[in-house]
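Peer 1: Model the following, please.
(4 chains)
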Number of protein chains: 2
Amino acid sequence: MFIVLSPNSGVPVYRQLIEQIRLQVTGGQLAPGDEMPSTRNLSAQLGVNPMTVSKAYTQLEREGVLERRPGRSLVVGTLAPAETRTKKLEQVRESLATAVTTIRQLDVPTDEAVAMLRKMLDSHAKEK
Amino acid sequence: MFIVLSPNSGVPVYRQLIEQIRLQVTGGQLAPGDEMPSTRNLSAQLGVNPMTVSKAYTQLEREGVLERRPGRSLVVGTLAPAETRTKKLEQVRESLATAVTTIRQLDVPTDEAVAMLRKMLDSHAKEK
DNA sequence: ATTACTGTATTATGAAACCAATACAGTTCG
DNA sequence: CGAACTGTATTGGTTTCATAATACAGTAAT
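Peer 2: Residues are numbered from 1 along each chain as shown, chains lettered A, B, ... in the order given. So this is what the prediction gives:
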């Protein structure tokens, strides 16, 4: 699982967790049956309170995205939305659409915007 | 000026105002010298408290985006062209950052994501 | 049975966001 | 000069978010 928190985005941490976990389940990166990191582990890793992680997990459990097994780690549910390549690309398209609106509104040339995206993707890849 | 609030986004209202006003100034939709709607008018229009609007205006004034004239409406400030370009690229980068997180979390290859962005930008250009 | 893990409940605290109401200080116009 | 506009300061309140600490109830392994 791969989580990136944006402290300055203004979006509550627990919501960022919900959105990113939901995304990776929908995109197939997390498959039914996969175990989630424990609330203690993930909170330590992200530098947040375990109850904040638990809040996100609880909401995802209500949605059926995660399944609870008392005494054991939560797992990705079988009722989780079905992964398809079409859905995956659609979610990427949606996130790019917001950027497209900004790029056009600011009259940034296509080549420049595209170069910026490539650079950002490459630089993060190197960070790993 | 055109403001749309997303109550469910989790982003505080005052921040949505800041971001949208900043975007329209950078994009030229709001030109230096343009008068802003009064805090009372805009708050009535959006259904929020005048102090919430004022909070956004105050932050934008600190950034130099707006200029204060006691007893009169705030106006769009005059930024140096170089500063405008810097802010433009920064805003594009911010909007792309969200897409970058999504792309990486869904393991979409860089080339595919970049091609998608180019296609979206080109197809919209044709729509014009 | 004990240890080590799992998640959640509960209580308390503090910060942030938003609201409401009132008041203040400014400019402009008739 | 007064009315009508401008933005902000202040005080007090509510809700949301996040944290901290402790405790509880579960499973699995030894």
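Peer 1: from here on, contacts and neighbour counts on C-alpha atoms
Peer 2: Will do.
Peer 1: any idea which element the residue nearest the centre of chain A lies in?
Peer 2: Centroid-nearest residue in chain A, with CA atoms, centre = their mean: A:Gln20, separated by 1.7 Å. Here A:Gln20 sits within helix A:13-26, counting by DSSP states H and E.
Peer 1: So that helix, near DNA strand C or not?
Peer 2: No: judged by CA under 7 Å from any atom of the strand, helix A:13-26 stays clear of DNA strand C, getting no closer than 11.9 Å.
Peer 1: got the buried residues for that helix?
Peer 2: A:13-18, A:20-26 (16 or more other CA atoms under 10 Å in any protein chain shown).
Peer 1: in chain A, which spans are strands?
Peer 2: A:66-67, A:75-76 (DSSP state E).
Peer 1: which one of these is the most hemmed in?
Peer 2: Comparing these by mean neighbour count (mean count of other CA atoms under 10 Å in any protein chain shown), strand A:66-67 ranks first with a mean of 26.
Peer 1: Parallel or antiparallel, list what pairs with it.
Peer 2: In the sheet, strand A:66-67 lines up against strand A:75-76 (antiparallel) (DSSP bridges).
Peer 1: Wondering if the strand it pairs with reaches DNA strand D at all.
Peer 2: No: judged by CA under 7 Å from any atom of the strand, strand A:75-76 and DNA strand D are separated, with a smallest distance of 13.0 Å.
Peer 1: Any chance of the buried residues of helix A:13-26 in JSON lines with distance to DNA strand D and pLDDT as columns?
Peer 2: What follows is those, written out as JSON lines (distance: CA to the nearest atom of the strand, whole Å; pLDDT from 0 to 100):
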{"residue": "A:Val13", "distance to DNA strand D": "3", "pLDDT": "96"}
{"residue": "A:Tyr14", "distance to DNA strand D": "4", "pLDDT": "97"}
{"residue": "A:Arg15", "distance to DNA strand D": "7", "pLDDT": "96"}
{"residue": "A:Gln16", "distance to DNA strand D": "8", "pLDDT": "97"}
{"residue": "A:Leu17", "distance to DNA strand D": "9", "pLDDT": "97"}
{"residue": "A:Ile18", "distance to DNA strand D": "10", "pLDDT": "97"}
{"residue": "A:Gln20", "distance to DNA strand D": "14", "pLDDT": "96"}
{"residue": "A:Ile21", "distance to DNA strand D": "15", "pLDDT": "96"}
{"residue": "A:Arg22", "distance to DNA strand D": "16", "pLDDT": "94"}
{"residue": "A:Leu23", "distance to DNA strand D": "18", "pLDDT": "94"}
{"residue": "A:Gln24", "distance to DNA strand D": "20", "pLDDT": "94"}
{"residue": "A:Val25", "distance to DNA strand D": "21", "pLDDT": "93"}
{"residue": "A:Thr26", "distance to DNA strand D": "22", "pLDDT": "90"}
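Peer 1: hang on, A:Pro32 packs against A:Val76?
Peer 2: Yes: in terms of CA atoms under 8 Å, A:Pro32 counts as a neighbour of A:Val76; the distance is 4.7 Å.
Peer 1: For chain A, what lies in contact range of DNA strand C?
Peer 2: A:10, A:36-41, A:50-51, A:54-55, A:57-58, A:68, A:70-74.
Peer 1: With adjacent residues omitted, what lies nearest to A:Thr98?
Peer 2: Distance criterion CA to CA, 6 or more residues apart in numbering or on different chains; nearest residue to A:Thr98, sequence neighbours excluded, is B:Ser95 at 6.8 Å.
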